[in-house]
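Participant: Below: sequence and its predicted model.
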Amino acid sequence: MLNIGDKAPLFTLPNQDDVEIGLRDLEGKWIVLYFYPKDNTPGCTKEACGFSESLPKFENLNAVILGVSPDSTAKHRSFIAKQKLDITLLADEKNEVSKEYGVWQMKKNYGKEYMGIVRSTFLINPEGKIAYMWENVKVEDHVQNVAIKLEQLQG
C-alpha cells in the first residue's frame with residue numbers, strides 16, 4: 001500500500017479521446033487522481049459531476065483532475081457526453097494502474113465476493129509525491145474535502 005510522501009507510481013493510460021496521458025506529462029502540477037468502479041452508476045456519476053462542477057476551483061489551484069476506472073475509452077466518451085462532464089477520464093481496462101495504487105481489492109456486495117476498485121483518491125504534488133490520500137471514499141462532500149485539503153497543502 002502507498003503512503004503519504006511516497007513517489008506516485010508512474011503510468012500512461014488512454015483518455016476518453018484515446019489520447020495517452022502520463023503522470024510524467026503533468027509534472028509541476030497538482031493532480032487529483034481518483035479511482036472509481038464504473039461509469040453511469042449512481043455514486044460514480046455523483047462523484048464525477050461533483051469534480052466536473054468544481055473544475056474551475058481546482059484549475060485555480062493549479063490542479064488537474066483525472067478519473068480512473070476499468071471502463072473503455074468508448075464508455076468514458078458516452079459517460080462524459082451523457083453527464084456533460086469537463087474532466088478527463090482514463091481507461092485502466094487491465095487494472096494495472098489500479099493495482100499499482102493498491103485500489104484493486106476484494107470487495108463484498110450482497111454476500112458475493114469479487115475483485116474491483118475501492119473508491120479512492122490520491123492528491124499528488126508537483127514533485128510527483130503523494131501529498132494526501134483517501135481510501136474507501138464516501139461520495140458525499142468528498143469533492144469539497146479534496147479542494148479544502150489541496151488549499152491547506154498549498155498553504
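Facilitator: Great, that's in hand.

Participant: Next one, pLDDT for the residue lying farthest from the centre of the chain please.
Facilitator: Centroid-distance maximum for the chain: G111 at 27.1 Å, with Cα atoms, centre = their mean. Per-residue pLDDT puts G111 at 90.

Participant: Going along the chain, name the strands of the protein.
Facilitator: 12-14, 20-22, 30-35, 63-69, 88-91, 104-109, 112-117, 120-124, 130-134 (DSSP state E).

Participant: what angle sits between the fourth one and strand 30-35?
Facilitator: Okay, so that is strand 63-69. 20 degrees (axes from the mean of the first three to the mean of the last three Cα atoms, to 10 degrees).

Participant: follow-up on the earlier one: how far away is the residue farthest from the centre of the chain from P42?
Facilitator: For G111, the distance to P42 equals 21 Å [Cβ to Cβ, to the nearest Å]. In this view, the C-beta of every residue, glycine as well, is placed from N, C-alpha and C.

Participant: Next: R24.
Facilitator: 34 Å.

Participant: do the same with Y34
Facilitator: 16 Å.

Participant: and if you look at E140?
Facilitator: According to Cβ to Cβ, E140 and P42 sit 12 Å apart.

Participant: what's the weakest-modelled helix or strand in this protein?
Facilitator: Least confident element among the helices and strands of the chain, by mean pLDDT, DSSP states H and E: strand 104-109 (a mean of 92).

Participant: Give the buried residues for that one.
Facilitator: Residues W104 are the ones in strand 104-109 that count as buried (16 or more other Cβ atoms under 10 Å).
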